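J.: Okay, structure incoming, though there's no sequence with it:
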């Protein structure tokens, strides 16, 4: 199964993203083996920086750095895939500015919902940043589960226990982009959240 075959946007109604940078993970996998789903913010401006694009992809490099900090034995994206870890973004197009409008997150959450529906054995979700948190909250409300993550600063709420579709949910910080390499306190918290999520896979 390849998620790219199932998740498509035909209308492209959002105005504050780059439709030319639309991207869904292009990877052949067994969806039943995915047990940890990592959702970050938005697709990168360049396709070659996206997840599963290769060793030089910036999303892969910073994500591997985060996972190595949490569990040093992990050395490649293939190893993560073999563990049952899948990576995607809440918004499928690249950003054109610093932020992303709520309407865009809500609109794109319908695509994310289709993507999440492909994976039925998920034990944990890592929500990397506010956009991912907002998108999953939107899906949960739309499907009758109610809000998953409460309002509040991530550092204040991240140690609580949350669930979505019967799986644990970890609100965390964005692990891709320039801020990851600068803010050491966030790197530490990301590593803690990754470690806690990986424990559920053992």
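T.: Structure received. Nothing here was measured: the structure is a model prediction, and the numbers come from that model. Numbers count the residues shown, from 1 in each chain.
J.: list the helices and strands the strand or helix carrying residue 62 packs on?
T.: Per DSSP states H and E: residue 62 is located in helix 58-70. Judged by 3 or more C-beta pairs under 8 Å, 6 or more residues apart in numbering; DSSP states H and E, helix 58-70 is in contact with helix 77-83, helix 184-199. C-beta here means a position set from N, CA and C on the backbone, and glycine is covered the same way.
J.: tell me the phi and psi of the residue most central in space within the chain?
T.: Nearest to the mean C-alpha position of the chain, by C-alpha atoms, centre = their mean, lies residue 39 at 0.9 Å. Dihedral angles phi and psi of residue 39 (degrees, to the nearest 10) take the values phi -120, psi 120.
J.: Tell me how far it lies from residue 170.
T.: Applying C-beta to C-beta, to the nearest Å, the value for residue 39 to residue 170 is 11 Å.
J.: Also residue 163?
T.: Residue 163 is 11 Å from residue 170, by C-beta to C-beta.
J.: Looking only at neighbour counts, state which of these two leads.
T.: Neighbour totals were compared for residue 163 and residue 170, and residue 170 leads with 24 against 13 (other C-beta atoms under 10 Å).
J.: Which residues are in contact with that one?
T.: By C-beta atoms under 8 Å, 6 or more residues apart in numbering, residue 170 lies in contact with 124, 125, 126, 127, 158, 162, 193, 196, 197.
J.: quick one: the strands in this protein?
T.: In the chain, the segments counted as strands under DSSP state E are 17-18, 36-43, 85-95, 124-128, 162-164, 167-172.
J.: among those strands, which is nearest residue 5?
T.: strand 85-95 (14.1 Å; C-beta to C-beta).
J.: quick one: strands adjacent to the closest one?
T.: Sheet pairing of strand 85-95 (DSSP bridges) gives strand 17-18 (antiparallel), strand 36-43 (parallel).
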